[in-house]
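Colleague: Build me a model:
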Amino acid sequence: MRIVTINRFLRRVTVVLLMIGLFGCIEEENPTYEATSRVGVGDMAPDFSVPTLDGERMTLSAERGKVVLVLFFNSWCPDCRAELSGIEQRIAPLSTSDFVLLAIARGEDHTTIAPYRQELGLTIDLGLDADESTYQRYATRYVPRNYVVDRDGRIVATATEPSPEELDALFAQIARLATH
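Modeller: Residues are numbered from 1 along each chain as shown. From the prediction side, this is the model:
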């Protein structure tokens with residue numbers, strides 16, 4: 001009798017622990033952009049320094065006094081490819097202003113990003129955040145992610161997986177900020 005009671009108790013405990021484990025692991029399937037953001041409009045942009053494909057370093061604080069677009073991307077992401085394919089045409093009108101683009105590959109290194117840059121025909125330098133430590137200061141999920149940082153280092157606009165119209169609006173805002 002006592003063994004039966006202990007077995008029942010152990011089964012119940014096992015079922016309860018299993019349920020707790022399962023429900024504790026369930027994550028919202030598609031969390032919102034806001035839920036995956038660590039910084040937003042009005043926040044100071046977290047400083048970073050990452051190596052680049054060209055052997056230099058991209059350091060946000062070194063660009064203080066300029067308007068900066070921090071763009072996180074991945075080579076496997078179709079939306080990133082679309083955004084980066086037209087990026088040089090978008091930034092060309094800003095070349096005489098106080099504007100800097102810091103495009104950073106999230107979780108990838110030289111071996112994947114060098115051929116990617118060549119494939120897209122990009123001439124801009126690209127940052128490498130192989131361990132995602134820089135990206136994790138900004139967000140936990142989703143690319144492309146864009147952060148417009150003003151001359152004082154404050155985030156003034158963001159866009160995640162932006163449509164072409166949202167990118168147009170973002171670059172119009174950058175142009176206003178960078179030419180004043």
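Colleague: going forward, measure contacts and count neighbours with C-alpha atoms only.
Modeller: Will do.
Colleague: all strands of this protein, in order?
Modeller: For the chain, the strands defined by DSSP state E occupy 49-51, 57-59, 67-73, 99-106, 127-129, 145-149, 155-160.
Colleague: Just checking: what are the partner strands of the second one?
Modeller: The sheet places strand 57-59 alongside strand 49-51 (antiparallel), with pairing taken from DSSP bridges.
Colleague: and if you look at the last one?
Modeller: Here the strand partners of strand 155-160, with direction, are listed using DSSP bridges: strand 145-149 (antiparallel).
Colleague: can you check the fourth one too?
Modeller: Applying DSSP bridges to the sheet, strand 99-106 is found paired with strand 67-73 (parallel), strand 127-129 (parallel).
Colleague: what's the closest of those to residue 162?
Modeller: Comparing the strands paired with strand 99-106 against residue 162 with CA to CA, the closest turns out to be strand 67-73 (11.5 Å).
Colleague: just to revisit the earlier point, the strands of the chain: which one's closest to residue 41?
Modeller: strand 155-160 (5.0 Å).
Colleague: And the contacts of that closest one?
Modeller: With CA atoms under 8 Å, 6 or more residues apart in numbering as the test, strand 155-160 has contacts from 33, 40-45, 142-150, 166-167, 170.
Colleague: Rebuild the strands paired with strand 99-106 as a markdown table, extending it with mean neighbour count.
Modeller: Shown next, in a markdown table, are the strands paired with strand 99-106 (neighbours: other CA atoms under 10 Å):
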| stretch | mean neighbour count |
| --- | --- |
| strand 67-73 | 25 |
| strand 127-129 | 26 |
